[in-house]
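Participant: Sequence first, predicted coordinates after that:
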Amino acid sequence: MADYKIADLRNFAIAGHGGTGKTTLVEQILFKTKAMSRLGKPREGTSNSDYDDEEKQRQISIYSAFLHARHKGKELQLIDTPGYDDFVGEVVEAFAAVETAFIAVSAEAGIQVNTRRLWKRATEAGLARALVLTKMDAEMAKYDEVLAALQASFGSACLPVVIPIGSGPTFAGVVPVLNPPPDVSAEAKEQVEAAGQALRDAIVESDDALMERYLGGEEISADELIAAASRAMAKGTLVPVFCCAADKDLGVAEVIDGIVSLFPSPVEGLQRKGKMPGSDDAKYPRESSAIPSETLAVRPASADAPFSAQVVKALYDPYVGKLAYFRVFSGTLKCEDGLFNAREGKREKLYHIYRVQGKEQEETESAGPGDIVAVAKIESLEVSDTVCAESDPVVFPEMKFPEPMVSRAAEPKSRLDEQRMSTALARIVSQDRTFKAGRDEQTGELIITGLSDLHLDVVTSKLRKRPFEVEMILKEPRIPYKETLAGKSQGHYRHKKQTGGRGQFAEVYLRVEPLPRGTEFEFVDDIYGGSIPSQFVPAVEKGVRETLVHGVIAGYPIVDVRVSVYDGKAHDVDSSEAAFKTASSRAFSDAFRNAKPILLEPIVNVEITIPSKYMGDITGDLSGRRGRIQGMDSAGDQQVIKATVPLSAISNYSTQLRSITGGEGSYSLEFSHYEPVPPALQETIVAKAAKAKKGEEEEED
């Protein structure tokens, strides 16, 4: 059983732009609180957070690490998240498990691309927020400038709770502003007093009782202010700003003290709401995040409330099997209770409950409100699933993940890889909601899609290792062009073959004409007088349909065409279904080639979000991609460009957008419609297809 109260829990996720030193700070927190006996160092591959081989090799955080520590009677449950937006799915999951987003900002680099994105995500998630300026000892550290930028960008609620002693190479530590030591230097005293007054005002303004006493001239003690600070954080009226140099262990102790004294507990922080399904429902599917708020009910962080929790992470451990991490929102779970999966509508046996410390699992007897725990070998549990009391069910809104945009065609390297690939990809998809895999119905290719090339590179590297051991070859996906015609024509073919014994004979006359876009195909029987016996007409249609699938001019499916059979001949002995299929296929190809054949290309709707300063560069780039601007909107200090662009011209857009905007741009796309390919480009595509076909034929010979 847990030996701490719900009010003693502090759940927070440390996030920040890549390279801000988050993991170094986490290691210091673990070491100084004696949660770990050694100080892990990311650069040396000894970090307790970046324990995966891929993370050690690349020296970046790729996966969230779940950790816990104890300080001054308070239980700290922290999640170290990746800093690169390529792995933002890990941040989404971490934010769903905590009350506070603790965002690291380099005192040297200042506000970066991902700083803004993380702030927005934390705000939209309803979390309390805190900031920490890291790398205060860096040569170009600029505390005052960065603090001013934070307040300008994120609001006046961003207030220092410590004041630095020096900056850059002279940085020597920090001074708390609410309880400063008596020996604070005269130089820092004025700054500490000013920061303390601003902090007191912000806390008092968020508490009506304190405000009444304050306006009445009563002195509010530092202890009272600290006690009220967590409520101010939960309301968003206070965003504490710390600073430290974790490498040198300067300011870290004050960060830990601040987490303990200021951050809201599960009782004070964000209270999760869920939909209460009807008791007659057999299953309770995951609800989308668009559930009207009036239909949601709060599950309070109380041990007396019915049990409810949400799966915030799933992964496959090579030794333990599938691990599902979940955050308990209400009630208590014990092994003997089992688990009720609301989406599946069924109960699962539960043998172990684990508290997670990096790569290690520690068994625990139960889990209560605010706890973040894991269970093993329950294959049905997926990210966003609700687990709850069967007698009093609830369904929490599904987490919102960014849509992956970068696609590659994947081929198994060997027959053994082919056998394993389907299962391996299904497992990756179940644990990474920003990764997709599936067959393209038209091209037949297996397409994997992720957030970036780096994301896909990490996935394929992971697949090569235990427990998957699958090698894949990635290449650019084929563009799903289609063929159609712009004119009318007729076609004829006489199929006659004599090889001894029964021969083959069929003659077919066809007419072809275009149909409106999206009509696909229409077959018309215009035979009069029985020139083709009725039993062979279905074979004529079948021959045409088979040709539609493989195309005529470039090997792409044919659409939006009407085919009419109006004449032909048959032989009493030598005619057959096979002969008429062959004749109709050849007649159709003849007619199609003479009916002004054209290629159609997929057009996508693209929505690009960028800072205003890149408008000219982006619109110019879109024009070069045959894009057509449909509209522009403003979203704060960002511009949103809406355009239609051929898929072939934007399939690798993520790299170019990142290059133009320095990583500050983002985009989404969805299929819109098909349009004719420009004639010059069509010639190139047809010639390329003919060359590829010739190469295949030569290989077969």
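Facilitator: Received the coordinates, thanks. Note that the structure is a prediction, hence the values are computed from the model and not measured.

Participant: what about the strands in the stretch 151-300 of the chain?
Facilitator: Here the stretch 151-300 of the chain has its strands, by DSSP state E, counting those that start in this stretch, at 158-160, 162-165, 173-176, 239-243, 273-275, 296-298.

Participant: could these go into TSV alongside mean pLDDT, distance to L416 and mean neighbour count?
Facilitator: The way it works is simple: take the backbone N, C-alpha and C, and place the C-beta from them, glycine included. Formatted as TSV, the strands of the stretch 151-300 of the chain follow (pLDDT from 0 to 100; distance: least, C-beta to C-beta, whole Å; neighbours: other C-beta atoms under 10 Å):
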stretch	mean pLDDT	distance to L416	mean neighbour count
strand 158-160	98	55	24
strand 162-165	96	58	23
strand 173-176	96	57	22
strand 239-243	98	52	26
strand 273-275	91	45	20
strand 296-298	84	49	14
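
Participant: For these, give me CSV that also has distance to V552.
Facilitator: Shown next, in CSV, are the strands of the stretch 151-300 of the chain (distance: least, C-beta to C-beta, whole Å):
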stretch, distance to V552
strand 158-160, 65
strand 162-165, 73
strand 173-176, 74
strand 239-243, 64
strand 273-275, 53
strand 296-298, 56
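
Participant: right, so of the ones you listed, which gets closest to F329?
Facilitator: The closest of the strands of the stretch 151-300 of the chain to F329 is strand 273-275. By C-beta to C-beta, the value is 8.1 Å.

Participant: and that closest one, what other elements does it pack with?
Facilitator: strand 296-298 (3 or more C-beta pairs under 8 Å, 6 or more residues apart in numbering; DSSP states H and E).

Participant: Not counting the strand it packs on itself, show me its contacts.
Facilitator: In this structure, residues lying in contact with strand 296-298 by C-beta atoms under 8 Å, 6 or more residues apart in numbering are 271-276, 394, 397.

Participant: try 7 Å
Facilitator: Residues outside strand 296-298 that contact it (C-beta atoms under 7 Å, 6 or more residues apart in numbering): 271, 273-276.

Participant: Please identify which of those is nearest to K334.
Facilitator: Of all the contacts of strand 296-298, K334 sits closest to G274, with 21.4 Å by C-beta to C-beta.

Participant: gap between the closest one and G368?
Facilitator: Per C-beta to C-beta, to the nearest Å, G274 is found 18 Å from G368.

Participant: quick check: longest helix of this protein.
Facilitator: helix 679-700 (DSSP state H).

Participant: Check which residues of that one are buried.
Facilitator: Across helix 679-700, burial judged by 16 or more other C-beta atoms under 10 Å covers 681-682, 685-686, 689.

Participant: Can you tell me which of the strands of the stretch 151-300 of the chain is nearest to S414?
Facilitator: strand 273-275 (46.5 Å).

Participant: can you give me how far that closest one is from the chain middle?
Facilitator: Strand 273-275 sits 23 Å away from the centroid of its parent chain (C-alpha atoms, centre = their mean, to the nearest Å).

Participant: Next: stretch 14-33.
Facilitator: In terms of C-alpha atoms, centre = their mean, the gap separating the centre of stretch 14-33 from the centre of its chain is 23 Å.

Participant: same check, this time on stretch 658-665
Facilitator: For stretch 658-665, the distance to the chain centre is 19 Å (C-alpha atoms, centre = their mean).

Participant: and it, what's its mean pLDDT?
Facilitator: The predicted model gives stretch 658-665 an average pLDDT of 92.

Participant: Please measure how far the first residue of that stretch sits from its last one.
Facilitator: From its first residue to its last, stretch 658-665 covers 6 Å (C-alpha to C-alpha, to the nearest Å).

Participant: And it, what's buried?
Facilitator: For stretch 658-665, by 16+ other C-beta under 10 Å, it's 658, 660-661, 663-665.

Participant: go on, stretch 641-648?
Facilitator: Neighbour counts using 16+ other C-beta under 10 Å place 641, 643-648 of stretch 641-648 among the buried residues.

Participant: and if you look at stretch 357-377?
Facilitator: Quick answer for stretch 357-377 (16+ other C-beta under 10 Å): 357-358, 361, 366-377.

Participant: Show the end-to-end separation of it, please.
Facilitator: Terminal residues of stretch 357-377 are spaced 18 Å apart (C-alpha to C-alpha).

Participant: Check the offset of that stretch from the chain's centre.
Facilitator: Relative to its parent chain, stretch 357-377 has a centroid offset of 25 Å by C-alpha atoms, centre = their mean.

Participant: what does that stretch contact?
Facilitator: Here stretch 357-377 makes contact (C-beta under 7 Å, 6+ apart) with 1-2, 6, 9, 11, 48-49, 51, 65-68, 77, 97, 266, 301-303, 320-330, 332-334, 339, 350, 352-356.

Participant: let's go with 6 Å and repeat that
Facilitator: The contact list for stretch 357-377 (C-beta atoms under 6 Å, 6 or more residues apart in numbering) reads 1, 6, 9, 48, 51, 65, 67, 77, 97, 266, 301, 303, 320-321, 323-325, 327-328, 330, 332-334, 352-356.

Participant: Name the strands paired with the strand of greatest length in the chain and say parallel or antiparallel.
Facilitator: Counting residues, the longest strand found in the chain (DSSP state E) is strand 597-611. Neighbouring strands of strand 597-611 in its sheet, by DSSP bridges, are strand 482-485 (antiparallel), strand 638-646 (antiparallel), strand 666-676 (antiparallel).

Participant: between the last one and helix 679-700, how big is the angle?
Facilitator: So the one you mean is strand 666-676. Relative orientation of strand 666-676 versus helix 679-700 (axes from the mean of the first three to the mean of the last three C-alpha atoms, to 10 degrees): 90 degrees.

Participant: In a markdown table, list the buried residues of stretch 641-648 along with distance to V544 and pLDDT.
Facilitator: Output for those, formatted as a markdown table (distance: C-beta to C-beta, whole Å; pLDDT from 0 to 100):
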| residue | distance to V544 | pLDDT |
| --- | --- | --- |
| I641 | 43 | 96 |
| A643 | 38 | 97 |
| T644 | 32 | 97 |
| V645 | 34 | 97 |
| P646 | 29 | 97 |
| L647 | 28 | 95 |
| S648 | 28 | 94 |
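
Participant: closest to K72 among those?
Facilitator: Closest to K72, out of all of the buried residues of stretch 641-648 and judged by C-beta to C-beta, is I641, at 50.9 Å.

Participant: The closest one and T609 touch, don't they?
Facilitator: No - the criterion here is C-beta atoms under 6 Å, and I641 misses it with T609 at 8.0 Å.

Participant: on that earlier part again, quick check: which of the buried residues of stretch 357-377 has the minimum pLDDT.
Facilitator: Across these, the smallest pLDDT goes to K377, namely 90.
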